[in-house]
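Asker: Build me a model from this:
(2 chains, ligands or ions: 2)
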Amino acid sequence: MNFKKVGVVYRKELLEVLRDKRTLFATLILPVLLYPLLIVGFNSIMTRQTAVMEEQGATIAINDSVGNAVSRLLAEEIGTIDNYNLVPFTATTNQLYEDKDVHAIVSIGDSLGADGTQFYKVYVQYDKSKDRSRIVFDKLYDSFKASEKKLQKQQLQASGINPEFLDLISVRERDTSTAQKKMGMLLGMFLPYIMIIMLLSGASTVAADLVAGEKERRTLETLLVSSAARQELVFGKYLTIITLAMVNVVVNLFSISFSLKFMLANSAAEMSGVQMPISAILILLMAMIPLATFFAALLLSISTFSRNMKEAKTYEQPILWVAMMMAMVSFLPAVEMNNLMALIPVINIALLFKAVMINEYALSHLLITIGSTLVLDVLAIWATIKLFTSESVLFRSEDDSGSLKAVGKNKNNFFNPFYGLVYFSLALIALYYLGTYWQGKDLMSGLLKTQVFIIALPVYAIIRLLKLKEKEILRIKMPKATELLLIPFIAIPAAIIVSVISQLINIIFPFPPKYVEMLSKLFTMDASVWKVFLVMAVAPGICEEYLFRGFIIRFFEKYGTKVAIVLSALLFAAFHLDPFRFVPVFLLGLLLGYLTLRSGSLVNSMLSHTINNGLALVLVTYGSSAWLKPLISGEDSLHYWLIIPAVIVFTGAIYLFHKVTEKGVPECAE
Amino acid sequence: MIKVMNLSKEFPKKDGTVFSAVDDICFEAKDSEIVCLLGVNGAGKTTTMRILSTIFKPSSGTAEIQGYDIQKNAQHVRENLGFLTGDTGLYNRLRGSEFIRYFGRLYGVAEKTIDARIKEMADMLDMHDFLDKKIEFMSTGMKQKVSIVRSIIHDPPVMIFDEPTSGLDILTARNIVSFIRECKQRGKCVLFSTHIMREAERLADRIVMIHKGKILANGTLDELRIVSEQTDLDDIFVYYVNKFTDETEVLAHEF
Ligand SMILES: Nc1ncnc2c1ncn2[C@@H]1O[C@H](COP(=O)(O)OP(=O)(O)OP(=O)(O)O)[C@@H](O)[C@H]1O
Ligand SMILES: [Mg+2]
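Answerer: Ligands and ions are numbered 1, 2, ... in the order given. Next up, the predicted model:
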């Protein structure tokens, strides 16, 4: 790659952006104007609202059950508040209160102390959820306290004591530290959200234009025939998006800072000492860079994939929504940064942000955040470069074999990724609502019903409906005896390898204890071993294979065997709705996909899946019995050394499997 | 030099079958030679040229530009090729000179050379008046001239122009035609496409007739005249198209 050419592309794209008044307005001018207007405007409206409420006054019902000089004084004092009028408590008062014609009901009672002193108790009934009622209460409270002081002074004077005694110590507060803290907390909540949104909007204004826009304006072809390499073009454009996203963030941040500063300087004395933590903001800007690179890469690949700007914007939409929702995590007080959270894009930055604001961030989190983001960056950039070299994406032909009409003509057109994803989503929704409901009612039968009615039967129904050849499409055929014989030697070590891997993952990203409890409940159901084996091992082995390796994998086979295996494994892992088991289930999915496509027989993966689940069951059920002891450390974890024999046996068995299925190749290449 | 060997290109169709836009074609264009790809709308001219420019991958067969294979050596092909399609867009927000310079830099041409070449070609194509105008405000002819300069800013030995004069007035078109002759004079290999017979007649050393993705005829104007026993290129073209239709019908009957 020639960096000079990357620079040429980058400079030209920036020049074009600078000459585009709309982008310029959205990224530079708007934020500079927006925040001062927003903050000043909001502030003045707030002040005005409060003033209006103060002027409004209130109607107070007095229920005076004491009726002496003191209680009358209390009522009189309320009457002296501006715009407050008093009504006596009658039978209709409660109704008036409901109708909001009376804003508060004050009941005055009394009691006698041990030495005969008369104490007064005042009950105030009001609606605390209403701003206006709260103001009423505050005023009433102040009024009562003023009355109290008046009475106390009278008493003191009567006893010959100087009434000034009551004001012996006067306390005034000027508390700047709380204001500072409040500010930090508030900023910690809002800033990450605002900055992530700004970053996204900055990136998305140009991303769609950069490739999809070039397709639309028919300039991409000229670019592609030039001798600049694809990577050079991609990187030049990539840097442009990052730059714009970061510029947008910086401009917005400065605009927010200045208008806040301005507002604080002009506000009441108690806030005047508050400072914006500039050093923290600089760290945060640095932390935004990985996020910017990630979104730039993602949006660029979308832009490249899309036919035109409109399509690109449509694809961008859901991503922006999801990202915004994830950014909202900064509003949740309970969520804190840990190693797992540091893996999830957007959320990791939002939480890192929050941690930086209160000065409590761990270096490891920062490193994991940057590391995981880099991995995703590389993937997205790689995909974009691939797309850039793919003629079908740059000049999409009118191949819409996925349309319903085309499916009507040729049923095999049904198996395209779009329908695959639609089917998968529907199954997932059914699993989430119906499956959870069934399992909640009765775990055992619920699990079985889920396997049969949600996972397997709908596939069968569709195959029938489209009159497809079930055996051929789903690869239902008896494998060779040698293959079946090899399966245990593959499945058992694979299960061990996968368990050890998930144990390792558990060390870095510990499962929450609640989760472990829930999982073990699942495995130790109150039923005979054989029933549990049927529900937890045999049924998933048959039904899930029927769906994923039989049906789902077919939708992706037009992109080649490898892609089909990986995608079906990803969906298989996602289907388990469990982030903690995602990696192990994905690995298992890869193996099962390979077994089926390589041998052309679903039975192989069904058997393998059953053995795998069965082993997990054995581990949980008999983990504490003597004959398993040598293999197990702790409660139900395997010894790490087991991975060595497992890998050896696994490699050997896979090698043999590969050999005996040599003839199966044409079937899966097709 | 361009060498096309059994080149085919198929596009997937709506109903899942494929459509042959270019069907097993062979021809050559030597240095200092202008070859015209002549055919009606949809004949496969643009598709052929796009394959030669490495934008499309051929379904089968291959081609060479200056001895470089279009698939195995795409990078070298692009370096040695100037390619202009009829309907390419330009960056509206750039000025003419900025646009040309951008591509010059992408081809790795030195700044000084770019300046010199822009000046030289602006002289030839008479474009000094609008070179610093924003492309947005240029007329079709001005844009076309900018595009031509853009396509050959790196002074490539092989030039492919897809309908270079379409949509232009007579004077501008003549300007461009004489420019192409000038290129030949300098030893370039030029392949251009058109469906305007007069242009082919006036400019081409050799004419390759293409119809429904197949080559009907390939030769100098005189050779074609002799074979078809017609003088006018219009008539020659109709002669070959009729011959082709008859042959395919006969074929259809045989099967
Ligand atoms: N990307 C594509 N996808 C599908 N079909 C295409 C594609 N590009 C071209 N075709 C088809 O290939 C055939 C040849 O098109 P091509 O553009 O090469 O014709 P042409 O000779 O350049 O015509 P014209 O004189 O109108 O420019 C047409 O039928 C066209 O529909
Ligand atoms: Mg054309």
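Asker: Below-threshold pLDDT in the stretch 151-255 of chain B: ranges please.
Answerer: For the stretch 151-255 of chain B, the stretches flagged by pLDDT under 70 are B:250-255.
Asker: Residues of it that sit close to chain A?
Answerer: B:151, B:154 (CB under 8 Å from any CB of the partner chain). Backbone N, C-alpha and C define where each C-beta goes, glycine included.
Asker: Quick one: the helices in the stretch 151-255 of chain B, in order.
Answerer: B:170-185, B:197-203, B:221-228, B:233-254 (DSSP state H, counting those that start in this stretch).
Asker: After the helix or strand containing residue A:517, which helix or strand is next? Please name it.
Answerer: Using DSSP states H and E, residue A:517 falls within helix A:513-523. Per DSSP H and E, the first helix or strand lying C-terminal to helix A:513-523 is helix A:529-533.
Asker: what distance separates that next one from the centre of its chain?
Answerer: Centroid separation for helix A:529-533 versus its chain: 37 Å, with CA atoms, centre = their mean, to the nearest Å.
Asker: Tell me the buried residues in it?
Answerer: Neighbour-count burial for helix A:529-533, counted by 16 or more other CB atoms under 10 Å in any protein chain shown, picks out A:532, A:533.
Asker: Repeat that for stretch A:352-363.
Answerer: Buried positions in stretch A:352-363, judged by neighbour count with 16+ other CB under 10 Å: A:352, A:353, A:354, A:355, A:356, A:357, A:361.
Asker: cool, stretch A:78-94 as well?
Answerer: Residues A:78, A:81, A:84, A:89, A:93 are the ones in stretch A:78-94 that count as buried (16+ other CB under 10 Å).
Asker: Which residues are in contact with the last one?
Answerer: Each residue near residue A:93 by CB atoms under 8 Å, 6 or more residues apart in numbering or on different chains is listed here: A:61, A:63, A:87, A:102, A:105.
Asker: so is the residue at the greatest distance from the centre of chain A in a helix, a strand, or just coil?
Answerer: When distances are taken from the C-alpha mean of chain A, residue A:160 lies farthest, 69.7 Å away, according to CA atoms, centre = their mean. Classification of residue A:160 using DSSP: H, G, I helix; E, B strand; the rest coil returns coil.
Asker: Phi and psi next, for it.
Answerer: Here is the backbone geometry of residue A:160 (degrees, to the nearest 10): phi 80, psi 20.
Asker: Distance check, it against residue A:34.
Answerer: 66 Å (CB to CB, to the nearest Å).
Asker: just the strands in chain B please.
Answerer: Remark: strands assigned in chain B by DSSP state E are B:2-12, B:18-29, B:33-38, B:60-65, B:68-69, B:81-84, B:158-162, B:189-194, B:206-211, B:214-219.
Asker: okay, those in a markdown table with distance to residue A:114 and mean neighbour count next?
Answerer: Output for the strands of chain B, formatted as a markdown table (distance: least, CB to CB, whole Å; neighbours: other CB atoms under 10 Å in any protein chain shown):
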| stretch | distance to residue A:114 | mean neighbour count |
| --- | --- | --- |
| strand B:2-12 | 99 | 18 |
| strand B:18-29 | 104 | 18 |
| strand B:33-38 | 116 | 24 |
| strand B:60-65 | 110 | 19 |
| strand B:68-69 | 110 | 18 |
| strand B:81-84 | 106 | 26 |
| strand B:158-162 | 108 | 25 |
| strand B:189-194 | 113 | 25 |
| strand B:206-211 | 116 | 23 |
| strand B:214-219 | 118 | 18 |
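Asker: Mind putting these into TSV with distance to residue A:235?
Answerer: Below are those laid out as TSV (distance: least, CB to CB, whole Å):
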stretch	distance to residue A:235
strand B:2-12	30
strand B:18-29	33
strand B:33-38	36
strand B:60-65	27
strand B:68-69	25
strand B:81-84	23
strand B:158-162	28
strand B:189-194	33
strand B:206-211	39
strand B:214-219	41
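Asker: out of those, nearest to residue A:318?
Answerer: Closest to residue A:318 of the strands of chain B, according to CB to CB: strand B:2-12, at 28.0 Å.
Asker: quick one: is that closest one near chain A?
Answerer: Yes - using CB under 8 Å from any CB, strand B:2-12 comes into contact with chain A via B:11, B:12.
Asker: Any idea how far that strand is from the middle of the chain?
Answerer: Distance, centroid of strand B:2-12 to centroid of chain: 15 Å (CA atoms, centre = their mean).
Asker: now that we're looking at residue A:338, which residues does it contact?
Answerer: A:365, A:509.
Asker: same check, this time on residue A:23
Answerer: Here residue A:23 is in contact with A:17, A:205, A:206, A:244 (CB under 8 Å, 6+ apart).
Asker: and the residue sitting nearest the centre point of chain A, what does it touch?
Answerer: Nearest to the mean C-alpha position of chain A, by CA atoms, centre = their mean, lies residue A:326 at 3.7 Å. Contact analysis of residue A:326 by CB under 8 Å, 6+ apart lists A:344, A:345, A:346, A:347, A:350.
Asker: I'd guessed the third one sits against residue A:321; true?
Answerer: No - using CB atoms under 8 Å, residue A:346 and residue A:321 do not qualify as a contacting pair, with a distance of 11.7 Å.
Asker: between the two, who's got more neighbours?
Answerer: Comparing residue A:346 with residue A:321 by other CB atoms under 10 Å in any protein chain shown, the one with more neighbours is residue A:346, at 23 against 10.
Asker: what's the most buried one of the helices of the stretch 151-255 of chain B?
Answerer: helix B:197-203 (a mean of 18; mean count of other CB atoms under 10 Å in any protein chain shown).
Asker: is ligand 1 contacted by that one?
Answerer: No - remark: helix B:197-203 sits outside contact range of ligand 1, by CB under 6 Å from any ligand atom, the gap being at least 13.0 Å.
Asker: what does stretch B:80-91 give?
Answerer: No - judged by CB under 6 Å from any ligand atom, stretch B:80-91 stays clear of ligand 1, getting no closer than 6.6 Å.
Asker: averaged over its residues, what pLDDT does that stretch have?
Answerer: Stretch B:80-91 shows a mean pLDDT of 89.
Asker: Run a quick neighbour tally on residue A:535.
Answerer: 22.
Asker: go on, residue A:371?
Answerer: By the criterion of other CB under 10 Å, residue A:371 has 13 neighbours.
Asker: Can you give me the buried ones in the helix or strand harbouring it?
Answerer: Using DSSP H and E, residue A:371 sits within helix A:363-389. Using 16+ other CB under 10 Å as the test for burial, helix A:363-389 gives A:365-366, A:368-370, A:372-373, A:376-377, A:380-381, A:383-385, A:387-388.
Asker: If anything else comes up later, I'll come back, but that's it for now.
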